[in-house]
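Asker: My questions are about this predicted structure, shown below with the sequence.
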Amino acid sequence: MIKFCQLNKVNEKFNAQIKLACERVIDSGWYIQGVEKKAFETEFSHYCQCKYAVGVGNGYDALMLILKAWLTLGYLKEGDEVIVPTNSFIASALAITNSGLRPVFSDPDPQTFNLTAKVIESKISSKTRVIMPVHLYGQLAPMTEILLLAKKYNLLVLEDCAQAHGASFHGKKAGAFGDAAAFSFYPGKNLGALGDAGAVTTNNEKVAKQVRLLSNYGSEEKYKHNVIGVNSRLDEMQAAILRIKLTYLEDDILYKRKLAQRYLQKINNFLFELPQLTNNSSHVWHQFVIKTKYRKVLQCYLQSKVETLVHYPIPIHKQQAYADSNTYLPVSDMLAKEVLSLPITSHLDIKEQDEIIHLLNTFNI
Ligand SMILES: *Cc1c(COP(=O)(O)O)cnc(C)c1O
């Protein structure tokens, strides 16, 4: 049985270094707000080619803290609308709702799975203040067009980079396009911690400062609280682990690209539609997602041999939690029925991949 992803295998090659780093943190006697977080923030901001990075508790908090920072700085007010794709993980929408803002669910392009400028423009109302593109599965949303729209309508852009660490367009990295960006280091992401972790990147000093303040109980100076903050800090242990894994991220991305190229070249069954690459944008393949009208039969056929997953089986606007959203988004409804994610991890070897490809090519209905 070829597993979809085994995190112990993903982390095997870092094992010795991680243990040394943990020992270093344990021996330091300092576990929150210390040198490891600071160093990771510097290293990650350089990696993303952004001026500032702030380590926070997780990806959801990163999104929520950016919106809270914009609210408390007066860039937004309660009830403002945020345009967000409905074919994403629910965190993208929850950060909006829980900040007192209104998500406006939108359909993606059926080929790239990402929002398009055309769809976004059709959703803009007098209350729209933010566009939140999600770089789904590791491919950048069309940022040139999105930034032009944002300029035209005077909107803020929040990139959800939870699946796109290292993705780039004309040499510019995910997280450096919008007004701010949220990253998740959930263990299964392309850059994953060994627990919950996240980061905010931005080139805006005021926003970076406000996120830092909000994430630490609204406090800069101990027992002095300037704003209504929360507790959401990247801890020293996770920061130390992420510093190691960040140095291998480019190699991991290259390996995933090789796997993706092989899938793209070798899968030749007309019952499947393969993922499409957009021009000049470098995909980092958090997921390799095919489309098929025969998903159920295919999953049964692969069942005992290859584990596959569905990202995502229910679009956000169809979740019970958003039962009142009452929107008609046919592309997302179709994708929820047809998408299937194939294994594409750093521990998948070529032989295993060949077996998957063979099984797919011999699949019949
Ligand atoms: C994983 C993910 C998040 C949330 O990250 P957590 O660290 O789990 O809170 C947000 N958005 C997208 C698109 C994600 O894939």
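Answerer: Here it is on my side, so go on.
Asker: switch to C-alpha atoms for all contacts and neighbour counts from now on
Answerer: Will do.
Asker: need the helices for this structure, in chain order.
Answerer: Assigned helices in the chain, in chain order: 7-12, 15-28, 35-47, 59-72, 91-97, 117-123, 143-153, 205-215, 236-246, 249-266, 295-302, 330-338, 350-361 (criterion: DSSP state H).
Asker: Which positions in the fourth one come out as buried?
Answerer: Under the neighbour-count criterion of 16 or more other Cα atoms under 10 Å, helix 59-72 has 59-72 buried.
Asker: of those, list those near the ligand.
Answerer: For the ligand, the contacts drawn from the buried residues of helix 59-72 by Cα under 6 Å from any ligand atom are G59, Y60.
Asker: Turn the buried residues of helix 59-72 into CSV, including distance to Q287 and pLDDT.
Answerer: Shown next, in CSV, are these (distance: Cα to Cα, whole Å; pLDDT from 0 to 100):
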residue, distance to Q287, pLDDT
G59, 17, 98
Y60, 19, 98
D61, 23, 98
A62, 22, 99
L63, 21, 98
M64, 24, 98
L65, 26, 98
I66, 26, 98
L67, 27, 98
K68, 30, 98
A69, 31, 98
W70, 31, 98
L71, 33, 98
T72, 35, 98
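Asker: With respect to K38, which of the buried residues of helix 59-72 is nearest?
Answerer: A62 (16.5 Å; Cα to Cα).
Asker: Was I right to think that closest one contacts V200?
Answerer: Yes. The criterion here is Cα atoms under 8 Å, and A62 meets it with V200 at 5.5 Å.
Asker: Mutual contacts of the two, please.
Answerer: V56, A181, A182, F183 (Cα atoms under 8 Å, 6 or more residues apart in numbering).
Asker: tell me the two of these that are most distant?
Answerer: Longest span within the shared contacts of A62 and V200, Cα to Cα: V56 and A181, 12.3 Å.
Asker: Overlap in contacts, the two.
Answerer: A62, V200.
Asker: Please give the number of neighbouring residues around the spatially closest residue to A164 that is not a sequence neighbour.
Answerer: Distances taken as Cα to Cα, 6 or more residues apart in numbering put G138 closest to A164, at 4.2 Å, once the chain neighbours are dropped. Per other Cα atoms under 10 Å, the neighbour tally for G138 reads 25.
Asker: Tell me the confidence at G138?
Answerer: On the pLDDT scale, G138 is placed at 98.
Asker: Distance check, the most centrally placed residue in the chain against the ligand.
Answerer: Compute the mean C-alpha point of the chain, and by Cα atoms, centre = their mean the closest residue is A162, 1.7 Å away. From A162 over to the ligand the distance is 5 Å, taken as Cα to the nearest ligand atom, to the nearest Å.
Asker: In contact with that residue: list those residues for me.
Answerer: Taking Cα under 8 Å, 6+ apart, one finds G59, V134, H135, A182, F183, S184, F185, K189 in contact with A162.
Asker: All set, thanks.
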